[in-house]
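K.L.:
Below are the sequence and a predicted model; questions follow.
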Amino acid sequence: MESLASQSDSRASLLSLEPENLPGQGYRRGQIAAWLYDKGTTDWEGMTDLPKALRGELAQQYRVSEFAQVQPFESKDGSVKYLYTLLDGKQTEAVYMPYAGRKTICISSMVGCPAGCTFCATGKMGFGRNLTAAEILDQILFAAHHQGHSPRELRNVVLMGMGEPLLNLEQVLMAIRRMLHPQGLAMSPRRVTLSTVGIPRGIYRLAEEDLEVRLALSLHAPDDETRQKIIPTAHRYSIAEIMEAVRHYYSQTGRRVTLEYTMLKGINDHEWQAKSLAQHLEGLSAHINLIPWNPWEGAPHQGTSREGIMKFAAILERQGLPVSVRWSRGRDVGAACGQLALKQPA
Ligand code: SF4
């Protein structure tokens, strides 16, 4: 457990500022930006090439960290779940995955989530609040610092943790711009993925922003009836409306879209559903990620068997669609897809 700031910290947030608006003049401002985004420093004392008097002065006005405490939980497979306690005492989570030289972090955009997906532990928690851009970014900065490398060494950032990013769009866009900013994390947009349950107005807005990040759509069912059973808020938009928005995003950005599909036994894993899914994707450059369902206590579902998943994948492949199965990481610490719910591992 690392303690970073007191919950009553009322100083201004340094991470809420664009690199060009950081305190100090040109050279000093550049030094502070480098300490935050390149070296991943989480406190003023660590910024050792700033004069001590200046550090003291700035420390009185600005906080560097958005967290009161952070607790890391390491999985046997190398992934690490970070449990962040925010300055108002609420909590959120991120998962760091260091596999095959591709350091990836899955971050949250909210405390809890309003979508209420029945197969997701976060959905059961309900909605807490939106995160600020600073809180979204700090998940990345802290994890890289804790892992002992520059935040710029992260290969992928995925907004796929707690929350629906398109329902917190202003703060999410601000955070993404900082990820792409040359004095921020300096990432290529194709290394940033935003995952949505399908909010058409948010998808159109994202296309207008011209950020060219990758879009992942959590479809989970090819027909409205099944989808509404497992995503209670899905009745607001039909699959046809969502797919129209996704096609628009693809036509504007040229970015291949990923479709996320959690495999639930007897619910969305029928042969006809694989065929129907393929029909939705005609003429669209898309990649399908089949996600074996990860169990959590009290969940109302069972996962499709490995054999069933492979059969479903084969049907899609026969239709000429690229498919991968995302075998889970971090199950033992509740860090796998759909398991995030602030519960501390046993
Ligand atoms: S799967 Fe995603 S959208 Fe659905 S409840 Fe969980 S975090 Fe929210």
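P.N.:
Nice, I can see it.

K.L.:
ranges for the strands of the stretch 51-200 of the chain?
P.N.:
Counting by DSSP state E, counting those that start in this stretch, the stretch 51-200 of the chain has these strands, from start to end: 62-63, 67-74, 80-86, 91-97, 104-107, 110-112, 127-130, 156-159, 192-196.

K.L.:
For the ones you listed, give me CSV that also has distance to residue 43, mean pLDDT and mean neighbour count.
P.N.:
No exception for glycine: its C-beta is placed from N, CA and C like everyone else's. Listed next are the strands of the stretch 51-200 of the chain as CSV, based on distance: least, Cβ to Cβ, whole Å; pLDDT from 0 to 100; neighbours: other Cβ atoms under 10 Å:
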stretch, distance to residue 43, mean pLDDT, mean neighbour count
strand 62-63, 9, 96, 20
strand 67-74, 11, 95, 18
strand 80-86, 16, 96, 23
strand 91-97, 19, 95, 25
strand 104-107, 21, 96, 24
strand 110-112, 24, 96, 24
strand 127-130, 25, 96, 18
strand 156-159, 23, 97, 22
strand 192-196, 27, 96, 22
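
K.L.:
Make JSON lines from the ones you listed and add distance to residue 229 to it.
P.N.:
As requested, the strands of the stretch 51-200 of the chain are exported to JSON lines (distance: least, Cβ to Cβ, whole Å):
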{"stretch": "strand 62-63", "distance to residue 229": "44"}
{"stretch": "strand 67-74", "distance to residue 229": "32"}
{"stretch": "strand 80-86", "distance to residue 229": "29"}
{"stretch": "strand 91-97", "distance to residue 229": "26"}
{"stretch": "strand 104-107", "distance to residue 229": "26"}
{"stretch": "strand 110-112", "distance to residue 229": "21"}
{"stretch": "strand 127-130", "distance to residue 229": "20"}
{"stretch": "strand 156-159", "distance to residue 229": "25"}
{"stretch": "strand 192-196", "distance to residue 229": "19"}
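
K.L.:
Would you mind putting those into CSV with distance to the ligand alongside?
P.N.:
Below are the strands of the stretch 51-200 of the chain laid out as CSV (distance: least, Cβ to the nearest ligand atom, whole Å):
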stretch, distance to the ligand
strand 62-63, 28
strand 67-74, 19
strand 80-86, 15
strand 91-97, 11
strand 104-107, 11
strand 110-112, 8
strand 127-130, 9
strand 156-159, 10
strand 192-196, 7
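
K.L.:
Output the below-cut-off pLDDT ranges for the stretch 1-150 of the chain.
P.N.:
In the predicted model of the stretch 1-150 of the chain, residues 2-7 satisfy pLDDT under 70.

K.L.:
next one: the stretch 201-346 of the chain
P.N.:
Filtered on pLDDT under 70, the stretch 201-346 of the chain yields the residue ranges 328-331, 333-346.
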